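Q: sequence first, then the predicted structure, then my questions.
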Amino acid sequence: MIRDITIGQYYPAKSLLHRVDPRVKLVSTLLYLISLFLFKSISGYLVATIFLVSIIRLSKVPLSYIVKGLKPIVMLLMITVLFNLFLTREGEVLVHVWIFTVTEGGLRTAVFMAIRLIYLIIGSSLMTFTTTPNELTDGLEDLLKPLSKLRVPVHEVAMMMSIALRFIPILLEETDKIMKAQIARGADLESGNMIQRAKSMIPILVPLFVSAFRRANDLAMAMEARCYHGGEGRTKMKPLHYRSRDYITYAVVVLYVAAVFVIGRYLPLHVWIF
């Protein structure tokens, strides 16, 4: 399960999406996430699906690698679906067993919420799959640059996010090593009730925190040894510049948002209760 978490990881490939400016990918991802909340119909989800499949093909990231990243959210997905399925009481009753009642509105909301959550994760993951942490830092810093006039430490914020993204795969790998070491010593991490499982995680969390603080201290000493004093007066070896493909990407994303809004709201497709 630990190795299935792909959040914040970069997948190297030679694709058009990898060459797009990081600022464009950040803004486009934000617009895509907003677009998923602009409709509640099958036609809107069809447009979103076509757009998402096209982006996946352009990114050249294997579908198996993307699907593997969904495994850690299966439990959250199931809880979300069950809550919406049984707690939403709208429309005609489809199934009634004991205290559990499934209505048309509950089934419709549960299905749409599950699809929306999956698309949110995939869309966000594609940005990190196709953008290196350094590019994300530069893009975020450039987008937030106007806030520096309000004395917001834009460079420091972007640097912290970059370090966090870099530490995610490192800490996951460290967690996997600690778990295997504890299992080799006879630790039982999977049996017992919830309280026993929580107690069995203490031998993992303690060395993990120690390792994380040690790595953070090493990083701070390395940055200080290299005379890092913040972003004031710093220059970039590879400054960001917009190219024609970036403007085309902006236009495509804006057209998609407009299409999914119009089709999803004003051209609904009715299939059974959906």
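A: All right, it came through fine. The structure presented is a predicted model; accordingly, all values stated were derived computationally and were not measured.

Q: leaving out sequence neighbours, find the closest residue to F100.
A: For F100, ignoring the flanking residues on the chain, the nearest one in space by Cβ to Cβ, 6 or more residues apart in numbering is F86 at 5.6 Å. From N, CA and C alone the C-beta is placed, and that goes for glycine too.

Q: that neighbour touches G105, doesn't it?
A: No: F86 lies out of contact with G105 (Cβ atoms under 8 Å); the separation is 11.7 Å.

Q: what's downstream of the helix or strand of the chain with the lowest mean pLDDT, the next helix or strand?
A: Lowest mean confidence among the helices and strands of the chain (mean pLDDT, DSSP states H and E): helix 194-200, at a mean of 74. Next along the chain after helix 194-200, taking DSSP states H and E as the criterion, comes helix 202-225.

Q: rewinding a little: the residue nearest to F100: neighbour count?
A: The number of residues packed near F86 is 15, by other Cβ atoms under 10 Å.

Q: now it. Its backbone dihedrals?
A: The phi and psi values for F86, taken as degrees, to the nearest 10, are phi -100, psi -20.

Q: ok, it - contacts?
A: Counting by Cβ atoms under 8 Å, 6 or more residues apart in numbering, F86 touches 100-102, 106.

Q: now with 10 Å, please.
A: 99-103, 106, 110 (Cβ atoms under 10 Å, 6 or more residues apart in numbering).

Q: V253 too?
A: So V253 contacts 24-25, 27-32, 35, 51, 55 (Cβ under 10 Å, 6+ apart).

Q: kindly report the same for A216.
A: By Cβ under 10 Å, 6+ apart, the contact list for A216 reads 163, 167.

Q: so where's the stretch 101-250 of the chain shaky on pLDDT?
A: Residues of the stretch 101-250 of the chain that meet the criterion pLDDT under 70 lie in 192, 194, 231-233.

Q: helices along that one, start to end?
A: Taking DSSP state H, counting those that start in this stretch as the criterion, the stretch 101-250 of the chain carries its helices at 104-129, 133-143, 154-184, 194-200, 202-225, 244-266.

Q: L16 is nearest to which of these?
A: Of all these, helix 244-266 sits nearest to L16, with 7.0 Å by Cβ to Cβ.
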